[in-house]
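Novice: model this:
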Amino acid sequence: MTPNTALTVQKLRLGASISLIALIILSLAWESILAPLKPEGSKLILKAVPLLLPLFGILNGRRYTYQWASMFILIYFTEGAVRAWADQGPSAKLALAEVLLTTIFFYCTIFYAKLTRQATQQPH
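Specialist: Numbers count the residues shown, from 1 in each chain. Next up, the predicted model:
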């Protein structure tokens, strides 16, 4: 791996980590304080729990976690897209933020996985 590639990989890892942590915080704040479905809070706050599954693998740079998390995050992208279209007010804006964060995470994870593949594998 060249020094330039190593720096790019480091930036992708940082981008994936920050976007995943931000998505966890957004999910918690959205469904508890900012725009819950019910005034006392929503059980949708539990949607943040599955985001913890890839967290340690992402923070530790495990390539396999980056690979499966890139597909896993599409569930949250879909939820954000649907709620951005269907909801109104603050909830729609929060949904757009969810779409943005999932998009950043997705691109960081797929390019991280691509750039860290073993040198013995042939490029496609």
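
Novice: any weak-confidence spans in this structure?
Specialist: Applying pLDDT under 70 to the chain picks out residues 119-124.

Novice: Strands of that one, start to end?
Specialist: Using DSSP state E, no strands are found in the chain.

Novice: Could you report the distance from Ala22 to Thr102?
Specialist: 10 Å (C-beta to C-beta, to the nearest Å). C-betas here are computed from N, CA, C, even on glycine.

Novice: Equivalent analysis for Pro36, please.
Specialist: Applying C-beta to C-beta, the value for Pro36 to Thr102 is 20 Å.

Novice: Of Ala22 and Thr102, give the one with the bigger neighbour count.
Specialist: Neighbour comparison, Ala22 and Thr102: the larger count goes to Thr102, with 22 against 16 (by other C-beta atoms under 10 Å).

Novice: Surely that one is in contact with Ser70?
Specialist: No - using C-beta atoms under 8 Å, Thr102 is not in contact with Ser70, being 10.3 Å away.

Novice: Tell me which residues touch the nearest residue to Thr5 once chain neighbours are set aside, please.
Specialist: Sequence neighbours aside, Leu115 is the residue nearest to Thr5 in space, at 6.0 Å (criterion: C-beta to C-beta, 6 or more residues apart in numbering). Leu115 makes contacts with 1, 5, 8-9, 12, as judged by C-beta atoms under 8 Å, 6 or more residues apart in numbering.

Novice: Who wins on neighbours among those residues?
Specialist: Result: Leu12 is most packed of these (other C-beta under 10 Å), 22 neighbours.

Novice: Show the contacting residues for the closest residue to that residue other than its chain neighbours.
Specialist: Take Leu12 and drop its neighbours on the chain: the residue closest to it by C-beta to C-beta, 6+ apart is Tyr112, 4.2 Å away. Contacts for Tyr112 (C-beta under 8 Å, 6+ apart) come out as 9, 12-13, 16, 63, 66.
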